[in-house]
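Q: sequence first, predicted model second:
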Amino acid sequence: MARSSSEILIRGDLRPCIVINRKALFHKWSDKSKIVEPSLMIGGHNGGVLKYTVGIIEYEDGVVTECYPYEIKFVDGKVKEYCFEN
């Protein structure tokens, strides 16, 4: 079926990766945040918001979960497509 010129195609490329010694597919990065309550101790911190990034991944058995960026090792060799000059 032909696409009309007003149709938008959104494509998310999945990347193969290893997460904690398990094969997985990387879907995307996501930002999360948690509210940190003020400390009850005298002179303690005022509280605030803790923001961090996680990766959304899918294991071979279909389970979708999140993990920290440092737990992901991409195995598709995509970095070789880029030229790094000295």
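A: Thanks, I have it.
Q: tell me which residues are up against the longest strand along the chain.
A: As assigned by DSSP state E, the longest strand anywhere in the chain is strand 22-36. Outside strand 22-36, the residues within contact range by C-beta atoms under 8 Å, 6 or more residues apart in numbering are 12, 14-18, 45, 47-60, 64, 66, 69, 72, 74. The way it works is simple: take the backbone N, C-alpha and C, and place the C-beta from them, glycine included.
Q: let's go with 10 Å and repeat that
A: 12-19, 45-61, 63-67, 69, 71-76 (C-beta atoms under 10 Å, 6 or more residues apart in numbering).
Q: do you know how far the residue most central in space within the chain is from Cys67?
A: The residue lying closest to the centre of the chain (C-alpha atoms, centre = their mean) is Gly55, at 1.9 Å. Note on Gly55: its distance to Cys67, by C-beta to C-beta, to the nearest Å, is 5 Å.
Q: okay, and the common contacts of these two?
A: If you check Gly55 and Cys67 against C-beta under 10 Å, 6+ apart, the residues they both contact are Cys17, Val19, Ala24, Phe26.
Q: so how far is Lys32 from the third one?
A: So the one you mean is Ala24. 19 Å.
Q: what's the answer for the first one, then?
A: Going from Cys17 to Lys32 by C-beta to C-beta gives 19 Å.
Q: among those two, which residue is more densely surrounded?
A: Cys17 (19 against 10; other C-beta atoms under 10 Å).
Q: how far does the helix or strand where that one lies sit from its chain's centre?
A: According to DSSP states H and E, Cys17 maps onto strand 15-19. Remark: strand 15-19 is offset 11 Å from the chain centroid, using C-alpha atoms, centre = their mean, to the nearest Å.
Q: between strand 22-36 and that strand, find me the angle.
A: 80 degrees (axes from the mean of the first three to the mean of the last three C-alpha atoms, to 10 degrees).
Q: cool, thanks, talk later.
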